[in-house]
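*Asks:* one predicted model, sequence on top.
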Amino acid sequence: MKVWTNLSRLNHVLKIRLTPTGEIKVTQLTLLLSKWASQLEAKIVPQGTLRTYPGSRHWHITGASRGSGTVEVTLISNGESEVWIVVHANRRGSWAEEAHKRLAHFLIETGRFASQYAH
């Protein structure tokens with residue numbers, strides 16, 4: 001499974017979009033993200049919602065060491081749900097670019113998500 005083919009480098013942002021295979025609750029996604037982060041000794045911090053997407057939920061996941069970067073995860077729930085896994089250019093660090101692909105693989109392997117775009 002090659003999730004990285006869904007990579008968008010627009011505006012120096014790496015983004016993978018996943019679609020839940022069924023209903024996904026915030027608590028369920030939080031547990032999955034926490035499980036993945038704990039396996040990598042990464043830190044997950046809930047950020048609340050994004051102003052531009054009311055009702056969304058947003059998290060930051062940072063690597064274990066300083067300078068490792070940040071993976072941002074957003075659950076968009078406006079009719080059709082989707083999950084965005086994003087790394088901004090200024091937060092790439094030594095870990096985040098590879099980590100966001102690994103997170104996408106992990107979520108797909110749970111059976112709860114599918115890749116939104118097939119290239």
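*Replies:* Received the coordinates, thanks. Residues are numbered from 1 along each chain as shown.

*Asks:* mind listing what Gly55 touches?
*Replies:* Neighbouring residues of Gly55 by Cβ atoms under 8 Å, 6 or more residues apart in numbering: 49, 77-78. Every residue, glycine included, has its C-beta placed from N, CA and C.

*Asks:* how about JSON lines for the residues you listed, with pLDDT, distance to Trp36 and secondary structure added?
*Replies:* Supplementary listing: the contacts of Gly55 in JSON lines, determined by pLDDT from 0 to 100; distance: Cβ to Cβ, whole Å; DSSP: H, G, I helix; E, B strand; the rest coil:
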{"residue": "Thr49", "pLDDT": "91", "distance to Trp36": "21", "secondary structure": "strand"}
{"residue": "Ser77", "pLDDT": "83", "distance to Trp36": "20", "secondary structure": "strand"}
{"residue": "Asn78", "pLDDT": "71", "distance to Trp36": "25", "secondary structure": "strand"}
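
*Asks:* now the residues you listed in a markdown table, with distance to Phe106 and neighbour count?
*Replies:* Formatted as a markdown table, those follow (distance: Cβ to Cβ, whole Å; neighbours: other Cβ atoms under 10 Å):
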| residue | distance to Phe106 | neighbour count |
| --- | --- | --- |
| Thr49 | 24 | 14 |
| Ser77 | 21 | 18 |
| Asn78 | 25 | 10 |
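
*Asks:* contacts made by the helix or strand harbouring Val45 with the rest, please.
*Replies:* Val45 belongs to strand 43-50 when assigned by DSSP states H and E. By Cβ under 8 Å, 6+ apart, the list of residues contacting strand 43-50 from outside reads 30, 33-34, 37, 55-62, 64, 74.

*Asks:* just the ones of the residues you listed in helices?
*Replies:* Of the contacts of strand 43-50, the ones assigned to helices by DSSP state H are 30, 33-34, 37.

*Asks:* who does the spatially most central residue of the chain bridge with?
*Replies:* With distances taken as Cα atoms, centre = their mean, Ile85 lies nearest the centre of the chain, 2.8 Å away. Counting by DSSP bridges, Ile85 is bridged to Ile16, Val73.

*Asks:* okay, it: pLDDT?
*Replies:* On pLDDT, Ile85 comes in at 94.
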